[in-house]
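In: I would like to see how this sequence folds:
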Amino acid sequence: MDQVKIGAFIAQLRRERGWTQEELGERLGVTNKTVSRWENGNYMPSIELLALMGREFDVSLNELLEGRRLDNEAEFRAAADKNLASAMESRLDRFWKWMERYGAYAAVIFLLCCIIGVLSAVLYYNRLAYPHDALPVGTWGTAYTHFADDLTKYGEYIVLDRDGRYYRYRQFEPLEQGLWEAWDPSIIRVTVGGKHRDVVIKRSTLYASNEEGVLEEFRRLSDVPSFINVSPEEFEK
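Out: As a prediction, this is how the structure comes out:
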């Protein structure tokens, strides 16, 4: 449907009747500004108003939707088929056609790219300013933590807090504490007693060596640094 063509036809019919926009608005129950928007092609009347308008102007709904008078049965049938297809067209399809017609599609894509670029820049500088917020701060536990076959064997936990402190413990038993810092998105440098070693993080798994130098897997348990049956003060003893 061509809104501009329909609007021009409404204006033509109104002038043929000798009505002002205000008089037509009174007959249809709308303001003269609404009638002006219709005639300028800026706004489309609802189907109910078009049907009421058709009775006022003594024209068919198909003629209003076509934006012209139809002279014969063939034109009526063609217009009816066209208007039915237009009515069945989804709102999304009409939206994209409108975007293409007014060249807004490229503008919207450009705007979305700008928004994504700005958000990416904000996240990047936020990570530079607050590196711990971009790292897996929280609590990690070995497989024994929740899936131990031997109930007397406790799993181990690793805690990385936002202040760069590192803790490793078993339930009831502090093992070691130190400091941690990010060397890479997937590598954490841990310093304990002046000695350095690396901890590797892949997705939700942290890999760290035990006292015998054997690599163990720790699963992410929480985004919050937490202690179970042990407190940070016990590491100072």
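
In: so which residues of the chain form helices?
Out: Applying DSSP state H to the chain gives helices spanning 3-17, 21-28, 32-39, 47-57, 61-66, 73-88, 91-101, 104-129, 144-147.

In: now residue 41: closest residue in space, sequence neighbours ignored.
Out: Leaving out its chain neighbours, the residue that sits closest to residue 41 by C-beta to C-beta, 6 or more residues apart in numbering is residue 4, at 3.4 Å. Where you see a C-beta, it was placed from the backbone N, CA and C, and this is true even at glycine.

In: low pLDDT regions in this structure?
Out: Low-confidence segments of the chain, defined by pLDDT under 70, span residues 1, 71-107, 124-135, 143-154, 237.

In: longest strand anywhere in it?
Out: strand 173-184 (DSSP state E).

In: domain parsing for the chain?
Out: Domain assignment of the chain by automatic domain parsing yields the ranges 3-88, 138-236.

In: ends of the longest one, what's the gap?
Out: Length of domain 138-236, first residue to last, C-alpha to C-alpha, to the nearest Å: 20 Å.

In: so which residues make contact with stretch 43-55?
Out: Contacts of stretch 43-55 with the rest of the structure, by C-beta atoms under 8 Å, 6 or more residues apart in numbering, involve 1, 3, 6, 10, 28, 30, 34, 37-38, 60-61, 63-65.

In: counting neighbours, which of those residues comes out on top?
Out: residue 38 (26 neighbours; other C-beta atoms under 10 Å).

In: ok, it to residue 119 distance?
Out: According to C-beta to C-beta, to the nearest Å, residue 38 stands 41 Å off from residue 119.

In: paired strands for the longest strand of the chain, with orientation please.
Out: Strands adjacent to strand 173-184 in the sheet, as given by DSSP bridges, are strand 165-170 (antiparallel), strand 187-192 (antiparallel).

In: now those as a markdown table including mean neighbour count and distance to residue 212?
Out: As requested, these are exported to a markdown table (neighbours: other C-beta atoms under 10 Å; distance: least, C-beta to C-beta, whole Å):
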| stretch | mean neighbour count | distance to residue 212 |
| --- | --- | --- |
| strand 165-170 | 20 | 14 |
| strand 187-192 | 16 | 16 |
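
In: can you lay out these as CSV showing distance to residue 231?
Out: Output for these, formatted as CSV (distance: least, C-beta to C-beta, whole Å):
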stretch, distance to residue 231
strand 165-170, 10
strand 187-192, 19
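
In: which among those is found nearest to residue 42?
Out: Relative to residue 42, the nearest member of those by C-beta to C-beta is strand 187-192, separated by 60.0 Å.

In: what does that closest one contact?
Out: With C-beta under 8 Å, 6+ apart as the test, strand 187-192 has contacts from 135, 160, 166, 176-183, 196-201, 208.

In: returning to what we had before: so what's the residue count around the residue nearest to residue 41?
Out: Count around residue 4 with other C-beta under 10 Å applied: 12.
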